[in-house]
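J.: this is the structure alone, sequence omitted:
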């Protein structure tokens, strides 16, 4: 089984102590977001976990504890954009904190385990097409020795984010703008020896050397783990998503990065309430198990072939 940690929140940045506590305990509880009274008990035993995919904007709290992952195959999806605190309100300074953390992480675990995400791409009067072209080139120059691949995506206009982005004049790219930008990005990435692909995008950008990503990537896990996996595509994701199936340990409305484009936070009041209920020693990411909850072990098996 593959663990996603997490599409719903930034576990490395804000919940790394909880995560390592769960590894020691050998399990975690995950509420079903569609039916919150149902809780899955997810085994974290190394013999059934084929890989862990971390999603983060700041892995700094984990860097001194990476040795605790020695029994697991893992890699990071590391989002690093050129946006300021107007867009990513609580992300630490890029030049002083995040870029050095990216380089340190890669130096510790290998660049094949650090996938750079430049997403989502959005436009307004400040973050123009030329701005993205300029800073994508700058970041490629800084990160070329520390990653193999960059995954990009274009802003999706979720209903939950319309209010937060309106004051900033943010808008998604048109198809013509996406193709134009892809042409520049493809050339720049090639110059720096970085493979580039898109996350859950229907648009075909193959003419620019840009393919479609599988962010929970069977091939990357097989290469890192030196094994073969018999795992299917995740049917619960969008049709354009190339991810294989996995179990997400996160919870919505728990990320404190404060990004205005975030689909996983519904409103700040709810985020504050959920974060206040986080206890690092709890099996749940936040809150407690109540008498009305139904806890059931999740059926778990390894996908490794010839195990």
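T.: Received the coordinates, thanks. Quick caveat, the model's predicted, so the values are computed rather than measured.
J.: the longest helix in this protein is where?
T.: With secondary structure taken from DSSP state H, the chain has its longest helix at helix 175-191.
J.: show me what it packs onto, helices and strands only.
T.: When contacts are defined as 3 or more CB pairs under 8 Å, 6 or more residues apart in numbering; DSSP states H and E, helix 175-191 sits against helix 129-143, strand 149-154, strand 195-198, strand 210-212. Placement of C-beta: from N, CA and C, glycine included.
J.: determine the set of other helices and strands touching the shortest one.
T.: Meaning strand 210-212. helix 175-191, strand 195-198.
J.: and the helices and strands packed on helix 175-191 as TSV, adding mean pLDDT and distance to residue 34?
T.: Output for those, formatted as TSV (pLDDT from 0 to 100; distance: least, CB to CB, whole Å):
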stretch	mean pLDDT	distance to residue 34
helix 129-143	98	36
strand 149-154	98	24
strand 195-198	98	27
strand 210-212	96	27
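J.: can you redo those as a markdown table with distance to residue 73?
T.: Formatted as a markdown table, the helices and strands packed on helix 175-191 follow (distance: least, CB to CB, whole Å):
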| stretch | distance to residue 73 |
| --- | --- |
| helix 129-143 | 23 |
| strand 149-154 | 17 |
| strand 195-198 | 20 |
| strand 210-212 | 23 |
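J.: just tell me which of the ones you listed ends up closest to residue 72.
T.: Among the helices and strands packed on helix 175-191, the nearest to residue 72 by CB to CB is strand 149-154 (20.8 Å).
J.: now do that closest one and helix 175-191, the angle between them.
T.: Counting by axes from the mean of the first three to the mean of the last three CA atoms, to 10 degrees, strand 149-154 lies at 170 degrees to helix 175-191.
J.: which element follows strand 149-154 toward the C-terminus?
T.: Once the chain leaves strand 149-154, the next helix or strand it forms, by DSSP states H and E, is helix 162-165.
J.: identify the residues contacting that following helix?
T.: With CB atoms under 8 Å, 6 or more residues apart in numbering as the test, helix 162-165 has contacts from 122, 260-261.
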